[in-house]
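Trainee: model this:
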Amino acid sequence: MDKIKFMIMAIAAVIVCSCGDNGMHLKKTITGKAGEVVVVVDKANWEAEPGTALRSLLAADYPMLPQKEPAFSLVNVPKASFSDLFQSHRNIIIMDINSSLKEDKLVMRNDIWATPQIVIYLHARSSAGCAELINKNAEVIYNAIEQAERDRIIRNSKKYEEASIRKAVAEKFGGSPYFPNGYSIKKATENFMWISYETTYINQYFLIYSLPFNGKSFPGLDTLMSRENEVLKKNVPGPQDNSYMIIASEKSPTLNWYKYKNESFAEMRGLWEVQNDFMGGPFVEHIFYAKDGKNLLVVMGFVYAPRYNKRNYLRQVEAIIYSFDWQENFQNQ
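Mentor: Have a look, this model is predicted:
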């Protein structure tokens, strides 16, 4: 018996040593709130050019919300205080300002102390050089943290998926996002689906519908808003008689083209409201060319949370939209 126990312990020791040699040891699960970034730098530089440059980039207003909210919430931690408590954080930026360095450079690494984690190193020979490094790589830094937040939401949506919804949406439209548990189909007609997650004070919704397309020029913003408002008026009633959802026009939405995982789409981002009522909130949508070449496919996510900040809730629905894929590419049916 003792011999068997010794062999088991020996095998376990070999496995532990092997994992350590190859960097495969188990890591902690990330900590920290969604949209939060720990910035490791001394107070002097945090209040000087490097900190100012980073705040201007990451703490700028998140786009198209009813009230101002920063894109990310920044937490400054001096290097001497950067202990285990902070090393497991989801998003970390480390400013290494040292005159002995040979060059200024940005380095990105994943899962150093926890998973799924992103760590961005800013190596600079001076405070001014660090600020310049931030400004020069602004888009890279912002997008890397945004994508890290998005990937975490998508990962959980797929891991805890309500697969029946994806199947129903894909059968109707040829593709679908991945919806996590808690979502349900609120309404379904021939060319329209309404997917909802509703709690007492926070509601997150998706509207998926097709718009006829002439196969020539993509419609402009005003035309899109007009056509989409017709769909919303018909399918999304408000709480009062003769009330219905529309895209708010007081603050004009933005319309931009993006490419993600080889799929081109138009993104509209703005505010929605209920005509003849007082409800409203932010929305974001992706507009795809449907596979039949005769329609546009709209996947809109919107949030109603009148008591709370809305950045994180909108980021969640946007990430779910980013999980969209065509049916032929589904990895599991």
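
Trainee: residue contacts, the closest residue to Val75 other than its chain neighbours?
Mentor: Using C-beta to C-beta, 6 or more residues apart in numbering and skipping residues adjacent in sequence, the residue nearest Val75 is Val38, 5.1 Å away. Just so you know, the C-beta spots here come from the backbone N, C-alpha and C atoms, and that holds for glycine as well. Each residue near Val38 by C-beta atoms under 8 Å, 6 or more residues apart in numbering is listed here: Gly32, Val75, Val77, Phe86, His89, Asn91, Ile92, Ile93.

Trainee: Glu162: which of those residues is nearest?
Mentor: Taking C-beta to C-beta as the measure, Glu162 lies nearest Gly32 of these, at 26.7 Å.

Trainee: pretty sure that closest one contacts Arg90?
Mentor: Yes: using C-beta atoms under 8 Å, Gly32 is in contact with Arg90, at 4.5 Å.

Trainee: out of the two, which sits in the more crowded spot?
Mentor: Arg90 (23 against 18; other C-beta atoms under 10 Å).

Trainee: you'd agree the more buried one is up against Asp151?
Mentor: No: if you go by C-beta under 8 Å, Arg90 and Asp151 don't touch, sitting 10.9 Å apart.

Trainee: for the contacts of Val38, which one is nearest Leu207?
Mentor: Closest approach between the contacts of Val38 and Leu207, by C-beta to C-beta: Asn91, at 30.6 Å.

Trainee: the spatially most central residue of the chain: what's it in contact with?
Mentor: By C-alpha atoms, centre = their mean, the chain has its centre lying nearest to Arg150, at 3.2 Å. Applying C-beta under 8 Å, 6+ apart, one finds that Arg150 lies in contact with Arg315, Glu318, Ala319, Tyr322.

Trainee: cool, and Met300?
Mentor: Going by C-beta under 8 Å, 6+ apart, the list of residues near Met300 reads Phe206, Leu207, Ile208, Glu228, Phe283, Val284, Glu285.

Trainee: excluding chain neighbours, what is closest to Lys172?
Mentor: Met193 (6.5 Å).

Trainee: mean confidence (pLDDT) on stretch 147-154, please.
Mentor: What stretch 147-154 shows for mean pLDDT is 98.

Trainee: so which bits of that stretch are buried?
Mentor: Residues Ala148, Glu149, Arg150, Arg152, Ile153, Ile154 are the ones in stretch 147-154 that count as buried (16 or more other C-beta atoms under 10 Å).
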